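Quick check, what structure comes out for this input:
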Amino acid sequence: MGMGMAIAFLGVLALLVSNSWSAPTEPGSTILSNDVTLLNRSSFPAGFIFGTASSAYQYEGAANEGGRGPSIWDTLTHQHPEKVQDGSNGDVAVDQYHRYKEDVAIMKYMNTDAYRFSISWSRILPKGKISSGINQEGIKYYNNLINELIANGLEPFATLFHFDLPQALQDEYSGFYSPNIIKDFEDYSELCFKEFGDRVKHWITLNEPWSYSVGVDKPYLATHYQLLAHAASVQIYKAKYQVSQKGLIGITLNSGWFLPYSNNTLDVHAAQRALDFAFGCIQDPWRSSFDFIGLNYYTSNYAAHLFHPNNDTDPTYWTDQHVNLTSERNGIPIGPRAASSWLYVYPKGIEELLLYITKTYNNPLIYITENGIDEFNDPTLSLEEALIDTFRIDYHYRHLYYVSTAIKDGANVKGYFAWSLLDNFEWFNGYTVRFGINFVDYKDNLKRHQKLSAGSPILDVSSLNRSSFPAGFVFGTATSSYQEDIKIMKDMNTDAYRFSISWARILPKGKVSEGINQEGIAHYNKLINELLANGMQPFVTLFHWDLPQALQDEYKGFNSPNITKDFEEYADMCFKNFGERVKHWITLNEPWSYSMRMEQPYMSSHYQLLAHAAAVKLYKTKYQASQKGLIGITLNSNWFIPFMDPLTKGDYPKSMRTYVGNRLPKFTEEEAKILIGSYDFIGINYYTSNYAAHLTKPFDRTKPPMYATDPQCDITSERDGRPIGQRAASHWLYVYPKGIEKLLLYTTEKYNNPLIYITENGMDEFNDPTLTLEEALMDTYRIDYYYRHLYHVLQAIKGGANVKGYFAWTFSDNFEWNSGYNQRFGLVFIDYKDNLKRHQKLSARWFGNFLKRN
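Predicted coordinates:
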């Protein structure tokens with residue numbers, strides 16, 4: 001990637017832990033008093049620690065080496081592999097036992113300050129008790145790891161228990177169901193303090209006691225004895241070791257934030273109960289038995305009062321709360337979903353939780369001991385593709401932003417550990433998901449590769465910028481109507497602007513014979529001239545769904561053959577008035593999207609194609625030789641072939657003829673001739689992809705067939721319970737960047753390598769009135785979307801696709817058709833509450849730097 005802003009999104013942790021960086025201020029850009037683009041290490045207090053986190057069973061491997069005894073996770077994964085999604089185990093895991101030096105070198109290269117790891121109780125005490133023997137080889141391993149960390153300037157944060165209870169203690173007295181565990185945990189803790197405490201200055205007794213407890217039959221009893229074991233460990237550390245070793249001891253708790261499902265008092269109380277059961281049940285009993293709190297935060301939920309828990313079954317932890325937890329409210333998810341079904345991205349929750357802890361528990365010292373996001377382990381990706389995790393950069397960036405705001409509001413947070421350093425064994429998910437900021441190649445001897453989130457400096461993907469694309473490649477933004485924002489576009493270094501002409505602004509009644517509006521012509525002349533004066537090419541669309549009402553009233557618009565002549569005359573008017581300056585014309589935008597809203601979609605599509613062909617024929621006959629422009633059509637990806645086949649073969653696809661029958665209009669011989677080759681370029685609007693399955697029984701035969709049932713396809717965004725990608729605000733928009741590459745290569749092969757422009761590509765977020773302006777501008781998820789799609793556009797070009805330009809949808813937030821102003825697609829934020837003021841989002845700043853010429 002290029003300089004400046006681009007660097008910020010190539011390894012947020014590497015950036016944050018290195019020297020201070022800030023984005024350059026662009027002319028005309030909106031700078032807030034506390035600009036989100038300034039987030040870096042210096043945004044945090046002096047001494048703030050950045051690190052990565054791991055745990056023994058998930059990382060070490062060497063399960064049967066070095067004198068280690070079995071843990072309950074060894075037993076579970078071997079006796080019940082069906083309980084793990086892929087039937088795997090941690091016997092080898094990611095082999096940190098043998099590769100710890102390599103992993104420490106990775107941490108050092110990333111400029112992190114600390115490493116949080118856990119000690120395997122059964123590697124130190126194979127049978128769980130000192131009286132049953134100490135494993136000196138295990139002691140030696142952790143001494144080696146700790147010494148290696150310190151030698152490389154990294155501070156060890158050691159967790160004593162991270163779910164991997166020695167099996168011997170489970171067999172003897174059911175582990176944390178018994179008071180016997182307290183003494184054994186105290187003895188194990190003391191052994192660790194004695195052996196490692198001269199170098200370990202931060203001890204964590206237990207990791208997520210709540211997570212451990214809710215996974216067993218008696219959660220309250222397990223929680224009770226975990227708390228007592230923790231207290232015993234803390235007491236012995238403070239009594240015997242703290243003064244001489246000068247360390248701190250605490251516990252790590254996990255919790256999301258819980259938002260009331262509604263403003264109803266019952267739901268407000270339900271949200272508090274959910275927090276009490278997840279966090280307060282651990283925190284409240286031992287307010288004084290810690291020096292710090294470790295907090296693991298991943299997600300948040302809505303909480304609603306549950307009036308009638310299932311009384312037919314025995315009470316459980318989940319029913320005791322009388323709370324219904326959900327990730328959606330009124331059909332809108334709380335945030336984009338990650339690979340794990342429970343993980344919805346809600347960065348503001350970490351700020352809310354930190355401030356709640358600060359207020360409720362007398363402002364304790366806090367470390368964020370885990371925070372991260374996962375993706376599916378997708379074996380179809382190339383290594384290069386698998387390293388493009390800009391979505392993870394978005395996750396960490398926005399969460400770190402809210403950590404910094406919580407600190408400014410008084411939270412005593414002193415460190416942040418990303419989960420996780422490496423992809424690893426993720427408990428019941430096995431190796432099916434990846435949380436790592438470093439990629440582990442499970443097919444190639446567990447080789448480590450830095451993902452973009454770790455700051456990969458060696459891959460070609462890290463240098464993606466304007467110069468990656470062929471000379472003359474055009475970058476622009478798109479809208480469907482004129483907005484006076486050319487200066488911002490120029491500041492963003494764009495080459496072109498795609499806009500549409502309002503047919504009714506030029507011809508108020510749709511026809512030349514009914515009068516030409518000279519004021520409308522003057523408006524577009526002014527816009528075109530202003531673009532050219534600022535070095536931008538106008539890409540002009542003649543029809544973007546806004547049909548003059550007069551033509552709809554007179555003959556139902558595109559359901560009538562009359563439209564062909566009127567559209568031809570309107571096009572002629574535009575070519576005549578603007579064509580000497582406009583060198584790229586688009587006749588229609590997404591004819592399928594327009595047609596599918598009509599009662600007769602096939603008829604509407606048919607006459608749109610004929611109107612397009614008439615306009616193209618006119619342009620090529622009368623204007624192209626003198627004006628030296630190009631003319632094409634823009635199609636949307638999910639209804640591409642039904643329009644491309646008529647444009648290249650003169651008829652609809654055979655499959656459509658088969659399934660639709662005589663309801664599909666036919667072209668005459670003359671019409672087919674005009675259609676074939678009626679384009680100089682194809683515009684493609686790509687947003688998302690879907691799975692398609694054959695539908696055996698497509699519809700009720702007693703009802704008339706329709707467009708939705710004719711293809712006999714079940715179109716879905718999920719397969720085997722996995723979404724094809726993260727969902728954006730629009731219910732139909734799932735992020736699948738590889739689809740744009742596949743579509744471009746398919747078009748290249750099937751349609752004789754046409755000239756292509758990507759005329760729209762983008763994603764939306766909900767219009768959230770609760771966000772501050774500063775929060776609303778922080779759209780790193782959009783940078784992720786554009787980066788990954790541009791990467792795959794570039795791959796398609798390298799694969800032979802003749803793509804010459806890319807237009808982001810859209811320049812600014814706007815009226816989004818049936819969604820109104822509920823969603824925002826813009827690179828530029830429109831403040832609907834403040835006279836429609838424009839503010840550049842982070843994505844606009846990113847594009848500006850991406851498009852700088854070297």
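
starting at the chain centroid, how far to whichever strand or helix holds Thr658?
Assigned by DSSP states H and E, Thr658 falls within helix 654-660. Distance of helix 654-660 from its chain centroid, counting by C-alpha atoms, centre = their mean, to the nearest Å, is 38 Å.

same deal with stretch 82-92?
Between the centre of stretch 82-92 and the centre of its host chain there is 27 Å, according to C-alpha atoms, centre = their mean.

State the mean pLDDT of that stretch.
Averaging pLDDT along stretch 82-92 yields 98.

Could you report the distance from the residue located most distally from the centre of the chain to Lys576?
Using C-alpha atoms, centre = their mean, the residue of the chain lying farthest from its centre is Ser513. It sits 51.6 Å away. Noted for Ser513: a distance of 16 Å to Lys576, by C-beta to C-beta, to the nearest Å. The way it works is simple: take the backbone N, C-alpha and C, and place the C-beta from them, glycine included.

Phe475 belongs to a helix, doesn't it?
No - counting by DSSP: H, G, I helix; E, B strand; the rest coil, one finds Phe475 to be strand, located in no helix.

Give me the buried stretch members for stretch 811-829, please.
Within stretch 811-829, the residues that count as buried by 16 or more other C-beta atoms under 10 Å are 811-814, 816, 819, 823-829.

Closest one of the residues you listed to Tyr302?
Gln823 (20.0 Å; C-beta to C-beta).

Please tell me how far the residue nearest to that closest one when sequence neighbours are not counted sits from Tyr821.
In space, and not counting its chain neighbours, Gln823 is closest to Asp764: 4.2 Å by C-beta to C-beta, 6 or more residues apart in numbering. Distance of Asp764 to Tyr821, computed by C-beta to C-beta: 11 Å.

neighbours of Thr380, just the number please.
When neighbours are defined as other C-beta atoms under 10 Å, Thr380 has 7 of them.

which one of the buried residues of stretch 811-829 is nearest Ala454?
Once C-beta to C-beta is applied, the member of the buried residues of stretch 811-829 that ends up nearest Ala454 is Leu827, at 26.9 Å.

May I see the buried residues of the lengthiest helix in the chain?
Using DSSP state H, we find that the single longest helix of the chain is helix 219-240. For helix 219-240, the neighbour count (16+ other C-beta under 10 Å) marks 219, 222-234, 236-237 as buried.

any low-confidence regions in this protein?
Where the chain drops to pLDDT under 70, the residues are 1-38, 281-288, 309-313, 456-463, 479-484, 595-599, 638-642, 697-708, 854.

how does the protein divide into domains?
For the chain, automatic domain parsing gives the domain ranges 42-458, 466-850.

returning to that earlier point: dump the helix or strand just after the helix holding Thr658 to PDB, keeping only the CA atoms.
Counting by DSSP H and E, the next helix or strand C-terminal to helix 654-660 is helix 669-675. Included here for helix 669-675 are C-alpha records, laid out as PDB according to Å, rounded to 0.1, in the frame of the first residue of the first chain:
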ATOM      1  CA  GLU A 669     -34.500 -10.500 -36.800                       C
ATOM      2  CA  GLU A 670     -33.900  -6.800 -37.200                       C
ATOM      3  CA  GLU A 671     -34.000  -6.100 -33.400                       C
ATOM      4  CA  ALA A 672     -31.500  -8.900 -32.800                       C
ATOM      5  CA  LYS A 673     -29.100  -7.400 -35.400                       C
ATOM      6  CA  ILE A 674     -29.300  -4.100 -33.700                       C
ATOM      7  CA  LEU A 675     -28.700  -5.600 -30.300                       C
END
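
for the stretch 751-854 of the chain, what spans make up the strands?
Secondary structure of the stretch 751-854 of the chain, counting by DSSP state E, counting those that start in this stretch: strands at 756-760, 765-766, 803-809, 823-824, 828-831, 837-840.

tell me the contacts of the residue nearest to Phe279 when sequence neighbours are not counted?
Counting by C-beta to C-beta, 6+ apart, Phe279 lies nearest to Ser255, which is 4.0 Å off, once chain neighbours are set aside. Shown in contact with Ser255 (C-beta atoms under 8 Å, 6 or more residues apart in numbering): 210, 275, 278-279, 295-297, 353.

Wasn't Gly153 part of a strand?
No - counting by three-state DSSP, Gly153 is located in no strand; its state is coil.

who's in contact with the closest residue to it other than its chain neighbours?
Spatial nearest neighbour of Gly153, excluding adjacent residues (C-beta to C-beta, 6+ apart): Lys108 at 6.9 Å. Contacts of Lys108 were listed using C-beta under 8 Å, 6+ apart, and they are 152-154.

Most neighbours among those residues, please name it.
In these, the most neighbours by other C-beta under 10 Å go to Leu154, 19 neighbours.

for stretch 780-798, the distance to its chain's centre please.
Worked out by C-alpha atoms, centre = their mean, stretch 780-798 lies 13 Å from the chain centre.

Distance check, the closest residue in space to Lys218 that isn't next to it in sequence against Gln627.
Nearest residue to Lys218, sequence neighbours excluded (C-beta to C-beta, 6+ apart): Tyr177, at 5.9 Å. Remark: distance between Tyr177 and Gln627 (C-beta to C-beta) = 84 Å.

Show me which residues of stretch 725-741 are buried.
Neighbour-count burial for stretch 725-741, counted by 16+ other C-beta under 10 Å, picks out 725-730, 733-741.

again, but for stretch 187-203
Buried residues in stretch 187-203, defined by neighbour count with 16+ other C-beta under 10 Å: 187-193, 195-197, 199-203.

What is the burial count for the residue nearest to Ser843 when sequence neighbours are not counted?
Distances taken as C-beta to C-beta, 6+ apart place Arg782 nearest to Ser843, at 4.1 Å, with adjacent residues excluded. Arg782 has 26 neighbours, counted by other C-beta under 10 Å.

Tell me the secondary structure of the closest residue to Tyr237 other than its chain neighbours, please.
Counting by C-beta to C-beta, 6+ apart, Tyr237 lies nearest to Ile249, which is 4.9 Å off, once chain neighbours are set aside. Secondary structure, three-state DSSP: Ile249 is strand.

again with the one 4 residues further on
With three-state DSSP as the basis, Leu253 sits in strand.

that older thread, mind listing the residues bridging to the residue nearest to Tyr237?
Listed beta-bridge partners, Ile249: Trp203 (assigned using DSSP bridges).

Show the contacting residues for it.
Ile249 is in contact with 202-205, 233-234, 237-238, 242, 290-292, counting by C-beta under 8 Å, 6+ apart.

just Gly430 next, same as before
With contact taken as C-beta under 8 Å, 6+ apart, Gly430 is in contact with 84-89.

Can you tell me the element Gly349 falls in?
Going by DSSP H and E, Gly349 is part of helix 348-360.

cool, Asp714 as well?
Assigned by DSSP H and E, Asp714 belongs to strand 713-716.

Next: Tyr115.
strand 114-118.

quick one, that strand and strand 248-254 angle?
Here the directions of strand 114-118 and strand 248-254 differ by 70 degrees (axes from the mean of the first three to the mean of the last three C-alpha atoms, to 10 degrees).

so what does strand 114-118 touch, helix or strand wise?
When contacts are defined as 3 or more C-beta pairs under 8 Å, 6 or more residues apart in numbering; DSSP states H and E, strand 114-118 sits against strand 49-53, helix 56-59, strand 155-161, strand 202-207, strand 413-418.

could you dump the first one to PDB, C-alpha only?
Same thing as strand 49-53. In PDB, the C-alpha atoms belonging to strand 49-53 read as follows (Å, rounded to 0.1, in the frame of the first residue of the first chain):
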ATOM      1  CA  ILE A  49       1.100  -2.100  27.100                       C
ATOM      2  CA  PHE A  50       0.200  -3.600  23.700                       C
ATOM      3  CA  GLY A  51       0.500  -7.400  23.400                       C
ATOM      4  CA  THR A  52      -1.000 -10.600  22.000                       C
ATOM      5  CA  ALA A  53      -2.500 -13.500  23.900                       C
END
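
Direction included, what does it pair up with?
Going by DSSP bridges, the partners of strand 49-53 are strand 114-118 (parallel), strand 413-418 (parallel).
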